[in-house]
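Asker: sharing a sequence plus its predicted fold:
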Amino acid sequence: MKLTSARLDERAWRRAALCLAPSGEGFGARLSKFVLLGCVPLVAQPWVAQPFDEWLRYETFSRRLHSVDGVAE
């Protein structure tokens, strides 16, 4: 993977199977970016509602870390 200005090149995200999507960038921007790049977001906010949670079925396009022990299918 090539680092460009301390950021991963988008080609690296396209090759990844899972992309960590923690909070911090605001309004689900990181999560949306990963979905658009074809990387399955790993949501690391166990009990936090996600953007448009009422309308989107997150379990169909992402994985959620529910505990330290593992990832929900």
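Answerer: Thanks, I have it. As the structure is a computational prediction, the values presented were derived from the model and not from experiment.
Asker: ok, what's across the strand from the closest residue to residue 30 other than its chain neighbours?
Answerer: Nearest non-adjacent residue to residue 30, counting by Cβ to Cβ, 6 or more residues apart in numbering: residue 21, 5.2 Å away. From N, CA and C alone the C-beta is placed, and that goes for glycine too. Taking DSSP bridges as the rule, residue 21 bridges to residue 43.
Asker: got the buried residues for stretch 50-61?
Answerer: Buried residues in stretch 50-61, counted by 16 or more other Cβ atoms under 10 Å: residue 50.
Asker: helix/strand/coil for residue 64?
Answerer: strand (DSSP: H, G, I helix; E, B strand; the rest coil).
Asker: distance of it from residue 46?
Answerer: Residue 64 sits at a distance of 7 Å from residue 46 (criterion: Cβ to Cβ, to the nearest Å).
Asker: show me the shaky parts of this structure.
Answerer: Confidence mapping of the chain against pLDDT under 70 gives the ranges 1-8, 24-27, 67-73.
Asker: just the strands in it please.
Answerer: In the chain, the strands defined using DSSP state E lie at 3-4, 7-8, 18-21, 40-43, 63-65, 71-72.
Asker: list the helices and strands the fifth one packs on?
Answerer: Contact partners of strand 63-65 among helices and strands, from 3 or more Cβ pairs under 8 Å, 6 or more residues apart in numbering; DSSP states H and E: strand 40-43, strand 71-72.
Asker: buried set for the first one?
Answerer: Judged by neighbour count (16+ other Cβ under 10 Å), strand 40-43 contains these buried residues: 41, 42, 43.
Asker: the second one contacts residue 65, doesn't it?
Answerer: Just to be clear, that refers to residue 42. Yes. Using Cβ atoms under 8 Å, residue 42 makes contact with residue 65 at a distance of 6.2 Å.
Asker: and for residue 65, the neighbour number?
Answerer: Residues near residue 65, counting by other Cβ atoms under 10 Å, number 17.
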